[in-house]
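Asks: Just the structure for this:
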Amino acid sequence: MSEENPLISNNDSSKYESIKLPANNNIQSSDNTLSKDNHASNNKYINVDEESLQVVPNNKSAMDKLVDRVDPRVMSDLIIGLSDGLTVPFALTAGLSSLGDSKLVLLGGFAELISGTISMGLGGYLGAKSEEDYYKSEVKIEKQKFYDTSNNTSEGSSVNEDILHEIEDILADINPNFKEETILQFMRDLSQEPEKMVDFVIKYGKGLEEPDENRAYISAITIGAGYLSGGMIPLLPYFFTKHVGTGLIYSVIIMLITLFIFGYVKTILTMSDAATLEKKIKEGFQMILVGSIAAGSAWFFVKVLDG
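Replies: Model (predicted):
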């Protein structure tokens, strides 16, 4: 938090007297979610010219525009699934190949692929579900606080001072130089839509975004599908050759190319315009290094343990 603001340290509650809720306040105290309308926005592909400070069209590539349309959380889940799927099964199949049995490589690889897909999917589901439960809990707490000490009158309701103090804290963090009248006017305007007042505290005070519907299921499917897709690649060569050594060579070649492409594209997706060619290439080789260390270590230790 920022340094103490003189306005916030002032405990004179009389300054809040002009902040009233509308008489027809319809916020639901028992509900633990917020209206989806509060999160509607009109995103446009624009940026700011730093020299002229004028809004100018942003010439984004087709890939950038596609990425902007995809939920960042979905993109993150997909990258997590693919990243693990491209390394863990590759390392396992490389290790099993040292035993010299193609059938063993395929059976072991598929067993790991199925169990890994289920495990990763469940992990994504539980993680997203926990975030959703935490969000609902925080909303419920704020709404309960909103109603516990509100002073209801025929002229309207006085807003809980704890919430008003929270809003002051948030605004002081945004700009410590805000004038008292600016903050009070903001709270007066915000109090006309109580749902948005709670939403403001949750979003900017707690730093929480309302989870999308079915977020947990989408996360499970996305991570699981990413893991399954990535894990199939190192197994493919073993279908087309009877010699496990040949299959390993083809698998390594294919995976080195795939890992580089994945690292390169991942950088574009995550960094967008900030991704320089040097950074893309560096990330590509970094993925190769990670995959190579994992696969090489697995092959070596299985070989040693097998005698």
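Asks: Centroid-nearest residue for the chain?
Replies: What sits nearest the mean C-alpha location of the chain, by CA atoms, centre = their mean, is R73, with 4.0 Å.
Asks: Just to check, it is in contact with E209?
Replies: No. Contact criterion CB atoms under 8 Å: R73 and E209 do not qualify, at 9.2 Å. (C-beta placed from N, C-alpha, C; glycine too.)
Asks: how deep is E209 tucked in, by neighbour count?
Replies: Residues lying near E209 (other CB atoms under 10 Å) number 12.
Asks: now L96
Replies: Using other CB under 10 Å, L96 has 24 other residues around it.
Asks: which residues touch it?
Replies: L96 makes contact with L104, V105, G108, G109, V302, according to CB atoms under 8 Å, 6 or more residues apart in numbering.
Asks: redo that, cut-off 6 Å
Replies: For L96, the contact set (CB atoms under 6 Å, 6 or more residues apart in numbering) comprises L104, V105, G108.
Asks: Closest one of the residues you listed to L248?
Replies: V105 (8.3 Å; CB to CB).
Asks: Helices along the protein, start to end?
Replies: Assigned by DSSP state H, the helices in the chain fall at 6-9, 62-69, 72-97, 102-148, 161-174, 180-191, 194-200, 215-232, 244-271, 277-306.
Asks: related to what we said a few turns ago, are any of the contacts of L96 buried, and which?
Replies: Among those, those buried by neighbour count (16 or more other CB atoms under 10 Å) are V105, G108.
Asks: pLDDT and distance to T276 for the contacts of L96 - can I get that in CSV?
Replies: As requested, those are exported to CSV (pLDDT from 0 to 100; distance: CB to CB, whole Å):
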residue, pLDDT, distance to T276
L104, 90, 44
V105, 92, 39
G108, 93, 40
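Asks: Show the backbone phi and psi for N177.
Replies: Dihedral pair for N177: phi -90, psi 10, per degrees, to the nearest 10.
Asks: Report the separation between it and L164.
Replies: According to CB to CB, to the nearest Å, N177 stands 19 Å off from L164.
Asks: More neighbours: which of these two?
Replies: Between N177 and L164, counted using other CB under 10 Å, the more crowded position is L164 (22 against 7).
Asks: Y238: which of the helices of the chain is closest?
Replies: Closest among those, using CB to CB: helix 244-271, at 4.1 Å.
Asks: Report all helices and strands that that closest one contacts.
Replies: helix 72-97, helix 277-306 (3 or more CB pairs under 6 Å, 6 or more residues apart in numbering; DSSP states H and E).
Asks: Tell me which of those is the most buried.
Replies: Per residue and on average, the most neighbours among the helices and strands packed on helix 244-271 fall to helix 72-97, with a mean of 22 (mean count of other CB atoms under 10 Å).
Asks: what mean pLDDT does it have?
Replies: Mean pLDDT, computed over helix 72-97, is 91.
Asks: which stretches of this structure aren't confidently modelled?
Replies: Along the chain, the parts satisfying pLDDT under 70 run over 1-70, 146-160, 307.
Asks: residues making contact with stretch 236-249?
Replies: By CB under 6 Å, 6+ apart, the residues outside stretch 236-249 that reach it are S97, G100, S102, V105, L106, Y250, S251.
Asks: Pipe these into a markdown table and attach distance to M120 per row.
Replies: A markdown table is the format used below for the contacts of stretch 236-249 (distance: CB to CB, whole Å):
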| residue | distance to M120 |
| --- | --- |
| S97 | 23 |
| G100 | 30 |
| S102 | 26 |
| V105 | 21 |
| L106 | 21 |
| Y250 | 26 |
| S251 | 21 |
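Asks: I'd like to know which of those residues is nearest to Y217.
Replies: For the contacts of stretch 236-249, the nearest to Y217 is L106 (30.7 Å; CB to CB).
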